[in-house]
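Chemist: sequence plus the predicted model coming up.
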Amino acid sequence: MRRAVVVAATCLAFIASSAVDAAGVVGGGDDELVPTGKGWGQRPSPGPGPGQGAGQGQGQPQGQGKPSGQASGGNGINYHGGPLITSGPTVYYIWYGNWSGNSATTILPNLAGSIGGSPYFNINTTYYDASGKHVTNAVHYGGSINDNYSQGTSLTDAKVQAVVARALSSGGLSYNSSAVYFVLTSSDVNESSGFCTQYCGWHTHASISGLDTKYAFVGNPDRCPSACAEQTTSPNGNAGADGMASIISHELEEATTDPDLNAWYDRRGQENADKCAWTFGTESIAANGSKYNVTLGGQRYLIQQNWVNQAGGYCSMSVTK
Ligand SMILES: [Zn+2]
């Protein structure tokens, strides 16, 4: 597997309606970069060690922030005043394309249904809003619908948003201001703004029918395992789905602590999960030879670490507080 390459995990997003911002925007002068492009979290080359997270990115402007200077915080990530999903997010899945017979449809709902309350998701409780309210260690799984290629097999960012809008307008999924709608695409579907070359997933928000809606794109790494999957033999025997589990976790914790891209991120524009992308901490080996680092809802997963916003800040799979 070519570890030097590509991509990754993801992140956040950019202004959904404008590709112009995909390249990274300098916010308020040249001092601090805001989260913007999707595309964070390139898989590290063998060089950088754990904790470097992403960062080695090709063409990712976020990494170009000035290294000097100190923003508030002291834990390596800073609060910028925007809201968090302090109640804990509700996860909805939109199965886009053809997922017939794919065990992802059981592996990933189990993840969404069991990640809340875990020592892993507890890391997000180290983040808080302007009133000092911390994120609750809870995730609600709201359910899913299928979308049979309503926007074709090559999605633009605008089409991803259209998939979400359609899911809501059809009544298939209900609106919830604390929800994150995940568009999960089958391996025959491309996302033309950079899936597999610039990112493996991203999250953003947009006004849809006048309602602020948080949503994410996560593609199937079976389309590009060397870029978007950590391993091709995986704990649940489905490398694509198991790869998505880590990317979903990444986007979910970012969407929780930075849903509108104006809450928690560091001076390079990296959100919490970006800072630990493609690092997994202590790993165990399953009978089939695959690596895993957490068990949720009775199933094993290999999901990336997240940034703990205390004690100076560090990547971990859990926190006690
Ligand atoms: Zn990210």
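Modeler: Received it, and whenever you're ready, just let me know what you need. Numbering: from 1, shown residues only.

Chemist: around the closest residue to the ion within the stretch 201-321 of the chain, how many other residues sit close by?
Modeler: Closest to the ion within the stretch 201-321 of the chain is Asp274: 4.2 Å, counting by CB to the ion. The way it works is simple: take the backbone N, C-alpha and C, and place the C-beta from them, glycine included. Neighbour count of Asp274, defined by other CB atoms under 10 Å: 31.

Chemist: got the phi and psi for it?
Modeler: For Asp274, the backbone dihedrals are phi -60, psi -30 (criterion: degrees, to the nearest 10).

Chemist: so where's the stretch 51-200 of the chain uncertain?
Modeler: 51-73 (pLDDT under 70).

Chemist: near the ion, which residues of it show up?
Modeler: Neighbours of the ion within the stretch 51-200 of the chain, by CB under 5 Å from the ion: none found.

Chemist: hey, where'd the helices end up in the stretch 51-200 of the chain?
Modeler: Assigned by DSSP state H, counting those that start in this stretch, the helices in the stretch 51-200 of the chain fall at 104-114, 157-169.

Chemist: which one of those lies nearest to Asn238?
Modeler: Nearest to Asn238, of all these, is helix 104-114, at 6.1 Å by CB to CB.

Chemist: can you spell out which helices and strands pack onto the closest one?
Modeler: Applying 3 or more CB pairs under 8 Å, 6 or more residues apart in numbering; DSSP states H and E, we find helix 104-114 packed against strand 90-96, strand 140-147, helix 239-257, strand 294-296, strand 299-301.

Chemist: quick one: residues in contact with the second one.
Modeler: Residues from elsewhere that reach strand 140-147 (CB atoms under 8 Å, 6 or more residues apart in numbering): 88-97, 99, 105, 109, 112-113, 116, 163, 166-167, 172-174, 176, 179.

Chemist: repeat for the fourth one
Modeler: The list of residues contacting strand 294-296 from outside it, by CB under 8 Å, 6+ apart, reads 110-111, 114-115, 118, 120, 300-303, 317.

Chemist: make a PyMOL selection of whichever of those turn out to be buried.
Modeler: The following PyMOL line selects those of the contacts of strand 294-296 that are buried, judged by 16 or more other CB atoms under 10 Å:
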select buried, resi 110+111+114+115+118+120+300+301+302+303+317
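
Chemist: closest to Lys291 out of the contacts of strand 294-296?
Modeler: The closest of the contacts of strand 294-296 to Lys291 turns out to be Leu302 (CB to CB; 5.2 Å).
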